[in-house]
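Novice: this one's sequence-less:
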Ligand SMILES: NC(=O)c1ccc[n+]([C@@H]2O[C@H](COP(=O)([O-])OP(=O)(O)OC[C@H]3O[C@@H](n4cnc5c(N)ncnc54)[C@H](O)[C@@H]3O)[C@@H](O)[C@H]2O)c1
Ligand SMILES: O=C(O)[C@H](O)COP(=O)(O)O
């Protein structure tokens with residue numbers, strides 16, 4: 001039975017899903033870091049929100065951990081590289097709280113414009129002051145959106161319906177997407193200069209850390225108001241406090257904070273009661289969003305523990321389900337070729353793997369195929385230590401160079417995948433194709449063949465000599481082993497030759513030994529005599 005830790009608050013519906021799937025669940029929001037580190041080794045899966053820190057220290061102790069589910073969007077509390085090294089799948093549930101974050105942003109902008117929280121607080125303190133809490137309209141004002149993704153784009157639509165002019169900065173967004181939204185994409189500095197409201201909707205990255213600091217506040221309008229419902233570290237809090245102090249900008253609405261939870265001792269913004277609105281990271285905290293992210297996270301943890309791939313992976317390439325289904329035959333083909341290669345030559349130290357994709361295969365993202373190939377080649381050597389998450393990392397760690405390329409398939413075949421393996425001993429090549437009748441092996445070390453890519457095989461590399469084929473055939477016949485298919489090729493008379501046989505039953509070690517002895521008697525310089533079951 002798998003054991004799952006839920007270390008932050010999620011909706012009960014998510015916990016029920018885990019239990020119904022037969023998981024043992026520990027629900028421990030708010031547990032101490034010490035207890036967390038002491039017990040993390042027990043768990044196969046963990047569900048977190050933004051409060052649990054899954055850094056290298058924690059992940060190094062998580063010896064059984066297979067999957068981390070982030071019930072929410074931002075995953076800056078998870079060390080992705082470290083999780084990847086350990087082969088731990090990490091996924092998030094990025095759409096479940098989008099609308100809640102959008103609506104919170106709109107609420108913050110309106111509250112900031114109309115002093116709603118301040119007036120409410122005053123009235124609760126028995127103060128009626130209509131003059132002090134006079135506001136401004138948002139209609140006709142310019143909203144500058146930094147990060148026009150899921151949340152930013154929806155904020156744009158809502159702001160436009162309020163009669164605002166919306167401009168944005170997002171260097172990674174396809175311009176057509178912004179065009180469709182009728183939002184001009186402008187340089188960062190220009191957005192800051194023009195905006196009456198600046199709202200942040202970027203992830204936390206090296207580039208977006210303190211994306212608003214002294215320099216940026218200095219170029220904003222004095223009347224500008226700033227909204228942050230993205231990540232606390234996107235704003236340099238001290239610089240924001242100074243900008244407010246020196247009237248460089250007018251106000252701010254802040255949902256996410258550099259240090260959470262916020263305390264009077266760690267946040268200089270608390271003193272600006274009239275100009276700063278603060279909420280306690282509530283953007284994604286609605287009944288609907290909590291249900292959405294909790295249900296999805298729980299379903300996905302169960303699914304990954306049942307050996308499926310997550311829908312929104314963070315450390316393997318994502319593919320939409322339709323594309324994945326269409327590419328699946330090629331993922332299976334490359335895996336079969338990798339299994340074949342591993343059984344044939346995996347005992348030799350691998351130096352390089354090259355994979356060539358031809359024909360229809362090139363309509364699809366190659367990454368999942370290449371990852372599957374690397375996994376299938378290294379799996380027999382590394383047992384279950386390798387999966388799609390850490391395959392590339394392990395290959396790099398072992399000094400194996402990897403190359404992907406595209407080839408033209410000139411023949412009639414609609415698709416072809418060719419893998420080339422370089423080991424300390426030699427170079428080997430296999431090619432295969434996917435046909436309606438199944439997977440076919442179409443080339444081995446330059447020899448054109450056409451064999452079913454499953455079953456039992458004997459491969460012999462030798463120096464071309466009369467008598468070899470007969471000797472092998474008769475030895476197998478004596479032992480009642482039927483040859484279903486056989487193909488032979490050579491470079492020239494008396495040159496390097498290769499024989500590929502598909503047989504109906506497994507030859508014993510003794511039979512293989514006898515074949516070897518017969519070939520030695522013929523003095524054929526046998527370079528390879530392998531039996532493989534695929
Ligand atoms: N307050 C909350 O409770 C809450 C809730 C949900 C999401 N969030 C946060 O909101 C943020 C946005 O979420 P999303 O779902 O819209 O993400 P998203 O990935 O859909 O959008 C982020 C956008 O930022 C852009 N971007 C990245 N780097 C940039 C840069 N240097 N300059 C300008 N743009 C840049 C990306 O191209 C992308 O379009 C995330 O940080 C997420 O964690 C907060
Ligand atoms: O990135 C997110 O999904 C939001 O910041 C919500 O975070 P939370 O799950 O801690 O509320």
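Specialist: Received it, and whenever you're ready, just let me know what you need. Since the model is a prediction, treat every value here as computed from it, not as a measurement. Numbering: from 1, shown residues only. Ligands and ions are numbered 1, 2, ... in the order given.
Novice: Which secondary structure state does residue 501 sit in?
Specialist: Secondary structure for residue 501, judged by DSSP: H, G, I helix; E, B strand; the rest coil, is strand.
Novice: wait, what's in contact with it?
Specialist: In this structure, residue 501 makes contact with 457-460, 472, 483, 485-486, judged by Cβ atoms under 8 Å, 6 or more residues apart in numbering. All C-beta atoms are positioned from the backbone trio N, CA, C, and that covers glycine.
Novice: Just the ones in helices from those residues, please.
Specialist: residue 472 (DSSP state H).
Novice: of the contacts of residue 501, closest to ligand 2?
Specialist: Distances from ligand 2 to the contacts of residue 501, taken as Cβ to the nearest ligand atom, are shortest for residue 457 (51.3 Å).
Novice: Correct me if wrong: the closest one contacts residue 528.
Specialist: No. Because the distance of 12.0 Å does not satisfy Cβ atoms under 8 Å, residue 457 is recorded as not touching residue 528.
Novice: Between the two, which is the more surrounded one?
Specialist: residue 457 (23 against 16; other Cβ atoms under 10 Å).
Novice: Spit out the contact partners of the more buried one.
Specialist: Residue 457 is in contact with 451, 500-503, 530-534, counting by Cβ under 8 Å, 6+ apart.
Novice: Pull the number of nearby residues for the closest residue to ligand 1 within the stretch 251-400 of the chain.
Specialist: When you check the stretch 251-400 of the chain against ligand 1 by Cβ to the nearest ligand atom, the closest residue turns out to be residue 283, at 2.4 Å. Using other Cβ under 10 Å, residue 283 has 26 other residues around it.
Novice: Shouldn't it be within a helix?
Specialist: No. Counting by three-state DSSP, residue 283 is not found in a helix; it is coil.
Novice: any idea how far residue 289 is from it?
Specialist: From residue 283 over to residue 289 the distance is 9 Å, taken as Cβ to Cβ, to the nearest Å.
Novice: Residue 518 now?
Specialist: In this structure, residue 518 lies at 72 Å from residue 289, with Cβ to Cβ as the measure.
Novice: Between these two, tell me which one has more neighbours.
Specialist: Between residue 518 and residue 289, residue 289 has the larger neighbour count (other Cβ under 10 Å), namely 25 against 18.
Novice: contacting residues around that one?
Specialist: Residue 289 makes contacts with 96-97, 99-101, as judged by Cβ under 8 Å, 6+ apart.
Novice: Now narrow these to whatever sits close to ligand 2.
Specialist: Applying Cβ under 6 Å from any ligand atom, the subset of these adjacent to ligand 2 comprises residue 97.
Novice: Name the nearest of the contacts of residue 289 relative to ligand 2.
Specialist: When the contacts of residue 289 are compared for distance to ligand 2 (Cβ to the nearest ligand atom), residue 97 comes out closest, at 5.1 Å.
Novice: shouldn't that closest one be in contact with residue 72?
Specialist: Yes. At 6.0 Å, residue 97 counts as touching residue 72 under the criterion of Cβ under 8 Å.
Novice: Quick check: neighbours shared by the two?
Specialist: Between them, residue 97 and residue 72 share these contacting residues under Cβ under 8 Å, 6+ apart: 284, 293.
Novice: Kindly provide the distance from the closest residue to ligand 1 within the chain to residue 97.
Specialist: When distances are taken as Cβ to the nearest ligand atom, the chain reaches nearest to ligand 1 at residue 149, 1.8 Å away. Here residue 149 is placed at a distance of 13 Å from residue 97 (Cβ to Cβ).
Novice: Surely the residue of the stretch 251-400 of the chain closest to ligand 1 is in contact with residue 255?
Specialist: Yes. Contact between residue 283 and residue 255 holds when scored by Cβ under 8 Å: they sit 5.0 Å apart.
Novice: Give me the common contacts of these two.
Specialist: Both residue 283 and residue 255 are in contact with 104, 229, where contact means Cβ under 8 Å, 6+ apart.
Novice: Just after the longest helix along the chain, pick out the following helix or strand.
Specialist: Identified as the longest helix of the chain according to DSSP H is helix 321-345. The first helix or strand that comes after helix 321-345 along the chain, using DSSP states H and E, is strand 350-359.
Novice: That next one - what's its average pLDDT?
Specialist: Averaging the model's pLDDT scores along strand 350-359 yields 96.
Novice: Pull out the buried positions in whichever helix or strand comes after it.
Specialist: Scanning forward in sequence from strand 350-359 by DSSP H and E, the next helix or strand is helix 367-382. Buried residues in helix 367-382, counting neighbours by 16 or more other Cβ atoms under 10 Å, are found at 368-379.
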